[in-house]
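> 3D, please:
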Amino acid sequence: MNPRILLFTLLAAPLLAQNGFPWQNESLHYSIEWQSGLSLGDASLTAQRTEKGWNFDATVSAGVPGFAIDDKYHSAATLDLCSTEFTRDQNHAGKKSRERTTFDQKAGTAERVTLFPDGGAKPGKSNFDIPTCARDALAYLYYAREELGQGRMPAAQDVYFGSAYALRMDYTGAQDITVAGKSAVTDHLAVSEKGPKSNFGFEVFYARDAARTPLEILPPLSLGRFTLELVR
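Numbering: from 1, shown residues only. As a prediction, this is how the structure comes out:
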């Protein structure tokens, strides 16, 4: 889509009061539903302003017979949404893992440490180069909202979720969806990620409010088609 048309669409949409990210702390809650409509659990996204920037947290708690997911993610970022630390704590069907990536933006390097199961002992530690203002996956989601709120498409770039993933967002147009029993006009973006061992994509439907609130997310899960629907 022509960027000028996208800019006009975003700016022409009626803006609500400036609530939520990036103007104030925010906590969003989602219901996780299978394609049949069966509720499988819940998820949350939280943004908290600090003296140095932002803390972002995400949780996912869901399960199907024989497979449960209990994940927690934490990101610390500057006011420019450049990552300083990213921690992921995952439990998939009893298989637990925990790791932390620390970003030194000035030096252009990052350190990735496995905290569980090996406690960070070698070979659970690695260092790698990062570009200017590197972002973890969670910080990028909020960066994308800030860019969309300014009428810009988020720039394609490498994001870090353990390994580096080349991420790109494409605007596909306006789409009506039903959230909490009410119809809403959203902007639909298709997200594609390419990593060292996997490629996947997902979809996000953003509200046409000032905060560009994600109303619905279709995540890439191998168990089937799931929907995260905002329940606040």
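
> so where's this protein uncertain?
Across the chain, the ranges flagged by pLDDT under 70 are 1-17, 118-123, 220-224.

> now do 80
Within the chain, the ranges that satisfy pLDDT under 80 run 1-18, 35-37, 64-65, 118-124, 220-225, 232.

> tell me where the longest helix sits in it.
Secondary structure of the chain read by DSSP state H shows that its longest helix is helix 137-149.

> residues of that helix that come out buried?
For helix 137-149, the neighbour count (16 or more other CB atoms under 10 Å) marks 137-149 as buried. Where you see a C-beta, it was placed from the backbone N, CA and C, and this is true even at glycine.

> enumerate every residue touching the residue lying closest to A58 once chain neighbours are set aside.
Excluding the flanking residues, the one nearest A58 by CB to CB, 6 or more residues apart in numbering is Y73, at 4.4 Å. Y73 makes contact with D57, A58, T59, F86, T87, R88, D89, A137, L138, according to CB atoms under 8 Å, 6 or more residues apart in numbering.

> also D57?
By CB under 8 Å, 6+ apart, the contact set of D57 is S44, L45, T46, Q48, K72, Y73, H74, S75, L138.

> please apply the same query to A155.
If you count contacts by CB under 8 Å, 6+ apart, then A155 has E147 around it.

> which strand in the chain runs the most residues?
Criterion DSSP state E: the longest strand present in the chain is strand 163-179.

> can you show me the helices along this protein?
Here the chain has its helices, by DSSP H, at 3-12, 137-149.

> so which of the contacts of Y73 belong to strands?
In strands, judged by DSSP E, the following of those are found: D57, A58, T59, F86, T87, R88, D89.

> before we move on, the earlier item: dump the buried residues of helix 137-149 to a markdown table, plus distance to Y30.
Shown next, in a markdown table, are those (distance: CB to CB, whole Å):
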| residue | distance to Y30 |
| --- | --- |
| A137 | 17 |
| L138 | 15 |
| A139 | 19 |
| Y140 | 18 |
| L141 | 13 |
| Y142 | 15 |
| Y143 | 20 |
| A144 | 17 |
| R145 | 15 |
| E146 | 20 |
| E147 | 22 |
| L148 | 19 |
| G149 | 20 |
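
> which pair of these spans the longest distance?
Within the buried residues of helix 137-149, A137 and G149 form the most distant pair, 19.4 Å apart (CB to CB).

> between the buried residues of helix 137-149, which sits nearest E33?
When the buried residues of helix 137-149 are compared against E33 (criterion: CB to CB), the nearest one is L141, at 20.2 Å.

> ok, that closest one - contacts?
Contacts of L141 (CB under 8 Å, 6+ apart): L45, F56, P214.

> pretty sure the first one is touching F21, no?
No. With the criterion set as CB atoms under 8 Å, L45 and F21 do not qualify as a contacting pair; they are 9.1 Å apart.

> tell me how many other residues crowd the residue nearest to A207 when sequence neighbours are not counted.
Spatially, and ignoring its direct neighbours in sequence, A207 is nearest to T213 (4.4 Å; CB to CB, 6+ apart). Counted with other CB atoms under 10 Å, the neighbours of T213 add up to 21.

> so who does T213 touch?
Shown in contact with T213 (CB under 8 Å, 6+ apart): G20, L28, R145, Y206, A207, L230.

> gap between it and H29?
12 Å (CB to CB, to the nearest Å).

> where's the closest residue to L230 other than its chain neighbours relative to V204, distance?
Leaving aside its chain neighbours, L230 sits nearest to L215 (5.0 Å; criterion: CB to CB, 6+ apart). Per CB to CB, L215 is found 9 Å from V204.
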